[in-house]
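# fold the following for me, if possible:
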Amino acid sequence: MDQFIVKPLFGGDAIHWYTPTNATLWMALAVAAIAALFLLGTRGRAIVPNRAQSVTELVYGFVHKMVEDVAGKDALKFFPYIFTLFLFILFSNYLALIPTSFSPTSHIAVTAVMALAVFATVVVVGFVKNGASFLSLFWVSSAPLGLRPILAVIELISFFVRPLSHSVRLAGAIMAGHAVMKVFAAFAGAALIAPIAIGGMVAIYALEFLVAAIQAYVFTILTCVYLKDALHPHH
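Residues are numbered from 1 along each chain as shown. Prediction:
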């Protein structure tokens, strides 16, 4: 599990809030990669796009359509924020597949900050847009009257559990995948089972390539679902 240890970049053992670490380095590289892609993709915009422009337009259109379809057109004002979340998670996950790299999204400290930011945004937007009627989100009016208080408690608990499930789902999936790859890599040195271990390593790596995108998609679409609750609590 040493691949998940946060270490200072310039030696020493003490880590403070201002200490540059391998986690901050790879998060910065993810931001730099995103900036590079969009600078290259939008530098020479053309009717017939090049590869970089095609990729940027594809990703932009994919997330834009997701936000509109899931949360509604009035949620498009939050598109820049949701788009940033998607890109950061996607690039962090893919950069973590480089050998000897570090995976920031395997740490609950990183994913929890993003999940709590989404949760706070939903609560603030819900009360600002709807006032006290935002609380109708927890009152299941279609249920029998006797069950409504019980369902309200259940809905309230599930609402406050969202940041935990939102963050643990991403961190757990990424950490599990990298741990399994490390296990297969450790067996690759054994002569008798080396071919099996290498074959398993290739298969797991291919699976992780898909998981990296799927987890970014899941985190983003859940953000859209939660935002829809804030914008339309009566639905």
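# which parts of this structure are helices?
22-43, 51-71, 79-95, 108-130, 148-187, 194-231 (DSSP state H).
# point out the most buried one among the ones you listed.
helix 79-95 (a mean of 20; mean count of other Cβ atoms under 10 Å). For glycine as for every other residue, the C-beta is placed from the backbone atoms N, C-alpha and C.
# re the thing from before, do you know which of the helices of the chain lies nearest residue 102?
Judged by Cβ to Cβ, the one of the helices of the chain that comes nearest to residue 102 is helix 22-43, at 4.4 Å.
# counting contacts, what elements does the closest one pack onto?
With contacts taken as 3 or more Cβ pairs under 8 Å, 6 or more residues apart in numbering; DSSP states H and E, helix 22-43 sits against helix 51-71, helix 79-95.
# quick one: work out the angle between the last one and helix 194-231.
So the one you mean is helix 79-95. Calculated by axes from the mean of the first three to the mean of the last three Cα atoms, to 10 degrees, helix 79-95 forms an angle of 170 degrees with helix 194-231.
# how far away is residue 190 from residue 163?
Separation of residue 190 from residue 163 (Cβ to Cβ, to the nearest Å) stands at 42 Å.
# do residue 223 as well
Distance from residue 223 to residue 163, by Cβ to Cβ: 11 Å.
# who touches both of the two?
Residues touching both residue 223 and residue 163 (Cβ atoms under 8 Å, 6 or more residues apart in numbering): residue 118.
# quick revisit: let's have the helices and strands packed on helix 22-43 in JSON lines, adding distance to residue 183.
Shown next, in JSON lines, are the helices and strands packed on helix 22-43 (distance: least, Cβ to Cβ, whole Å):
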{"stretch": "helix 51-71", "distance to residue 183": "32"}
{"stretch": "helix 79-95", "distance to residue 183": "19"}
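# go through the ones you listed and name the closest to residue 18.
helix 79-95 (21.2 Å).
# quick one: the closest one to helix 148-187, angle?
30 degrees.
# now helix 79-95: average pLDDT?
For helix 79-95, mean pLDDT rounds to 95.
# check contacts around the residue lying closest to residue 180 once chain neighbours are set aside.
Once flanking residues are discounted, residue 180 sits nearest to residue 204: 5.5 Å by Cβ to Cβ, 6 or more residues apart in numbering. Applying Cβ under 8 Å, 6+ apart to residue 204 gives the contacts 177, 180-181, 184.
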